[in-house]
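Asker: Kindly generate the corresponding structure for this input.
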Amino acid sequence: MKQLLVRYDPKQDLSALLEPVTREWGNGSYGKLLIHIYSAFSEEALLTELCTGLKKILPEAMIVGTVSAGEICHAKMMEPGILISAMLFETTDVRVVKYPGVKGAETEVGRTICRKISDIPMIKAVELIMTGTEFNTRLIFEELSLCKEGVQIFGGYAGGHSMDVGEHFIFDENGLTDDKIFAIFYAGTDFHIDVDKTVGWQQLGHHFNVTKADENRMIEINNRPAVEVYEKYLQIDRNGNFAEETFEFPLIAKVEDDELLRHTITVEEDGTLDLAGYVTEGMKIYLCFGNPSLIVSLVNDRLKQVRAFKPQAILLYSCSVRKSFWESFVDMEMLPFEKLAVTAGFHTWGEVKRNPTSGSVLEYNITLLSIAMREGDPPEEEYPEARIDDTVLKGQASLIKRLTTLVAATTTELQNAYNNLEAMNQRLSYMSQYDALTGIYNRRKLEEVVEENLSRAGREGGKVSLLMFDIDLFKNVNDTYGHAVGDTVLMEMSKIFREEICGVPEGHVGRWGGEEFFAVVPNYDAPRALALAETIREKVAACHFTGVLGSLTVSIGVTTADGTEERMVLFKRVDDCLYHAKQNGRNRVVAYEDWKSCE
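Answerer: This next block holds a predicted model:
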């Protein structure tokens with residue numbers, strides 16, 4: 001395969017400009033011709049005329065065009081213009097399918113593309129050129145995530161150079177549209193592709209929880225207006241140049257084993273943030289910042305991978321925010337790719353990539369997507385070394401590099417401290433609810449559970465039964481075998497109680513204190529609670545406890561409530577039943593209802 005690049009100038013003859021392409025295509029070595037057009041302009045007449053002219057000169061060509069936020073020619077940013085990338089394939093089966101009417105039919109469009117993937121033999125990859133900001137991409141990607149394993153999916157969103165103008169169009173000889181997806185299917189035994197993303201933005205501080213969201217609208221974080229994450233922590237005024245200032249500190253979300261960056265487009269009057277990319281409730285979101293040292297390191301790692309792959313052509317789809325971040329140094333991270341193969345692409349309003357581990361197709365921002373392609377086996381000759389030359393970072397950029405290195409180091413230290421504090425808080429929360437020895441609920445938590453279940457029984461007209469257990473003659477165990485054996489008995493006893501009680505729907509058990517245990521069994525009337533207690537008593541009597549000769553037994557008190565009784569009254573009632581069981585020979589169950597009827 002081969003990639004040839006042409007900078008289009010409407011003042012020049014198109015046939016003359018395309019002469020290298022027509023000559024190469026005409027030699028008879030190739031079976032498919034794919035043309036990408038990346039345009040800084042969105043004038044429909046200009047672009048339609050170009051596509052029509054291309055079809056006249058190269059009628060076999062498949063054409064996909066997109067308005068772009070920056071045209072990448074030989075791995076360098078062009079002056080705003082129109083770039084034609086002609087990709088010629090020898091044996092690869094390349095098909096372009098254009099899906100109209102996407103808005104409102106996203107799920108069905110995703111399924112249709114999925115079916116197409118299944119129908120193409122030896123399919124390796126699908127490229128999507130789309131106006132992702134104009135419809136619900138999440139629904140499309142959910143369907144594509146279910147497609148055949150191993151198929152790589154990648155692409156970019158259309159969008160113009162100006163963030164203030166909604167030039168989200170793709171195009172071909174039929175004109176501009178914002179309601180289509182161009183899908184390019186690559187298949188064949190000799191076709192090889194390597195797709196990966198590079199970010200380099202680093203999280204800053206602790207996470208926030210997305211508590212209210214609607215697709216690309218993040219409404220609340222930690223139950224507060226989302227805009228406050230910028231107003232409170234970075235003093236960015238919502239009434240100022242909000243979008244431009246927040247570009248420097250986008251958001252990063254943790255999803256599965258991946259990280260999705262999101263930058264703000266606008267802020268609504270109520271504090272809702274409109275983002276480039278969807279968010280969902282429950283996501284953990286961090287503020288983040290671009291770290292030049294990290295970016296350089298990660299891109300260099302990616303260059304090593306691409307060099308080992310030995311490509312014949314490379315596409316770069318890079319977020320427009322990266323272009324804004326680098327400003328005059330924008331070429332620095334792209335230029336080394338041209339050492340490995342002819343490189344073209346565009347700056348996008350969003351990037352698409354399939355996660356190779358989970359299979360999920362995800363929407364990214366602020367990502368450099370590098371796509372390396374090759375037909376046949378890799379050549380034997382070594383490819384040249386390709387590394388970023390970051391010595392060009394001088395002056396203010398060099399200062400930013402040092403400052404971000406400092407921020408990264410201190411952020412890591414603060415994050416570690418925060419993680420330690422969070423772990424300590426989790427431990428304290430655990431200790432406040434669970435018994436340290438047995439791992440089951442403690443008395444404080446049990447009282448809460450009783451209160452919750454009594455309230456529910458009162459509202460819904462149900463029943464709840466309470467069981468109190470006491471290990472008979474437990475003091476003898478400690479005196480005879482020692483406290484270590486006594487602790488083992490408590491743990492083994494709690495395991496029996498847990499297996500039986502927690503086997504009941506919504507059943508809870510805990511340690512009441514010393515050798516006493518307590519259980520809450522919702523939706524059990526008195527006869528069922530009594531039967532359960534008898535089962536536990538028999539199981540304990542039949543068990544052999546570690547380090548103890550002979551058997552152990554338990555006495556059990558049982559009572560049932562309907563939610564109208566006071567909690568403390570019930571505690572005394574079940575305690576009285578337990579006392580009655582112990583006073584009358586131990587190893588027995590006494591139910592309050594039976595006991596009172598016999599008095």
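
Asker: Pull the residues that contact stretch 439-448.
Answerer: By C-beta atoms under 8 Å, 6 or more residues apart in numbering, the residues outside stretch 439-448 that reach it are 432-435, 449, 494, 497-498, 508-513, 517-518, 520, 567. Where you see a C-beta, it was placed from the backbone N, CA and C, and this is true even at glycine.

Asker: could you give the mean pLDDT of that stretch?
Answerer: Stretch 439-448 carries an average pLDDT of 91.

Asker: Going by neighbour count, list what's buried in that stretch.
Answerer: Judged by neighbour count using 16 or more other C-beta atoms under 10 Å, the buried positions of stretch 439-448 are 440-442, 445-447.

Asker: for stretch 226-241, same thing?
Answerer: Quick answer for stretch 226-241 (16+ other C-beta under 10 Å): 226-227, 229-230, 236, 238.

Asker: How about residues contacting that stretch?
Answerer: Here stretch 226-241 has contacts from 205, 208, 218-221, 242, 245-246, 249, 251, 264, 267, 271-273, 285, 287, using C-beta under 8 Å, 6+ apart.

Asker: List only those of the contacts of stretch 439-448 flagged as buried.
Answerer: Buried, going by 16+ other C-beta under 10 Å: 433-435, 449, 494, 497-498, 508-512, 517-518, 520, out of the contacts of stretch 439-448.

Asker: Narrow those residues to those in helices?
Answerer: 449, 494, 497-498 (DSSP state H).

Asker: now the buried residues of stretch 226-241 in TSV, with secondary structure and pLDDT?
Answerer: Formatted as TSV, those follow (DSSP: H, G, I helix; E, B strand; the rest coil; pLDDT from 0 to 100):
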residue	secondary structure	pLDDT
226	coil	91
227	coil	91
229	helix	87
230	helix	88
236	coil	85
238	coil	85
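
Asker: re earlier: output the ones in helices among the buried ones among the contacts of stretch 439-448 as a markdown table; include the columns distance to residue 296.
Answerer: Listed next are these as a markdown table, based on distance: C-beta to C-beta, whole Å:
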| residue | distance to residue 296 |
| --- | --- |
| 449 | 55 |
| 494 | 56 |
| 497 | 59 |
| 498 | 54 |
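
Asker: residues contacting the closest residue to residue 388 other than its chain neighbours?
Answerer: Leaving aside its chain neighbours, residue 388 sits nearest to residue 296 (5.0 Å; criterion: C-beta to C-beta, 6 or more residues apart in numbering). Residues in contact with residue 296 (C-beta under 8 Å, 6+ apart) are 200, 333, 388, 390.

Asker: repeat for residue 53
Answerer: Counting by C-beta under 8 Å, 6+ apart, residue 53 has contacts residue 14.

Asker: name the element it belongs to?
Answerer: helix 44-57 (DSSP states H and E).

Asker: and that helix, how far out from the chain's middle?
Answerer: Relative to its chain's centre, helix 44-57 lies at 41 Å (C-alpha atoms, centre = their mean, to the nearest Å).

Asker: Please apply the same query to stretch 118-127.
Answerer: For stretch 118-127, the distance to the chain centre is 26 Å (C-alpha atoms, centre = their mean).

Asker: Now that stretch: buried residues?
Answerer: Buried, per 16+ other C-beta under 10 Å, within stretch 118-127: 120, 123-127.

Asker: Also stretch 46-58?
Answerer: Those would be 47-48, 50-51, 53-55, 57-58, for stretch 46-58 by 16+ other C-beta under 10 Å.

Asker: One more: stretch 263-280?
Answerer: Buried, per 16+ other C-beta under 10 Å, within stretch 263-280: 263-265, 267, 271-279.

Asker: about what we covered before: go through the buried residues of stretch 226-241 and say which is closest to residue 474.
Answerer: Checking those against residue 474 by C-beta to C-beta gives residue 229 as the nearest, at 54.9 Å.

Asker: Which is the succeeding secondary structure element to the helix or strand hosting residue 303?
Answerer: Secondary structure assignment for residue 303, by DSSP H and E: helix 292-309. As assigned by DSSP H and E, the chain's next helix or strand after helix 292-309 is strand 313-319.

Asker: ok, and the helix or strand in the chain with the lowest average confidence?
Answerer: helix 396-431 (a mean of 62; mean pLDDT, DSSP states H and E).

Asker: what angle do the helix holding residue 303 and strand 313-319 make?
Answerer: 160 degrees (axes from the mean of the first three to the mean of the last three C-alpha atoms, to 10 degrees).

Asker: Show the model's pLDDT score for the most centrally placed residue in the chain.
Answerer: Residue closest to the average C-alpha location in the chain (C-alpha atoms, centre = their mean): residue 255, at 1.3 Å. Confidence at residue 255, expressed as pLDDT, is 78.

Asker: Surely it and residue 362 touch.
Answerer: Yes - the pair residue 255 / residue 362 is scored as a contact, 7.0 Å apart, by C-beta atoms under 8 Å.

Asker: mind giving me CSV with the contacts of residue 296 and columns for secondary structure?
Answerer: Formatted as CSV, the contacts of residue 296 follow (DSSP: H, G, I helix; E, B strand; the rest coil):
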residue, secondary structure
200, coil
333, coil
388, coil
390, helix
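
Asker: Going by distance to residue 502, which of those wins?
Answerer: Nearest to residue 502 among these: residue 200, at 47.7 Å, using C-beta to C-beta.

Asker: what's the neighbour count on that closest one?
Answerer: 21 (other C-beta atoms under 10 Å).

Asker: Could I get the pLDDT score of the closest residue to it other than its chain neighbours?
Answerer: Closest residue in space to residue 200, ignoring its immediate chain neighbours: residue 295 at 3.1 Å, by C-beta to C-beta, 6+ apart. For residue 295, the model assigns a pLDDT of 89.

Asker: how much space between residue 295 and residue 199?
Answerer: 8 Å (C-beta to C-beta, to the nearest Å).

Asker: Same question for residue 360.
Answerer: Distance from residue 360 to residue 199, by C-beta to C-beta: 17 Å.

Asker: Would you mark the buried spots in the lengthiest strand in the chain?
Answerer: Of all segments of type strand in the chain, defined using DSSP state E, the longest is strand 201-214. By 16+ other C-beta under 10 Å, the buried positions in strand 201-214 come out as 201-204, 207-208, 210-211, 213.

Asker: Pull the distance from it to the chain's centre.
Answerer: 12 Å.

Asker: Tell me the strands beside it, with direction?
Answerer: Sheet partners assigned to strand 201-214 using DSSP bridges are listed as strand 217-221 (antiparallel), strand 284-290 (antiparallel).

Asker: Quick one: residues contacting residue 272.
Answerer: With C-beta under 8 Å, 6+ apart, residue 272 has these contacts: 217-219, 225-227.

Asker: Let's see that with 10 Å instead.
Answerer: 212-214, 217-220, 225-227, 266 (C-beta atoms under 10 Å, 6 or more residues apart in numbering).
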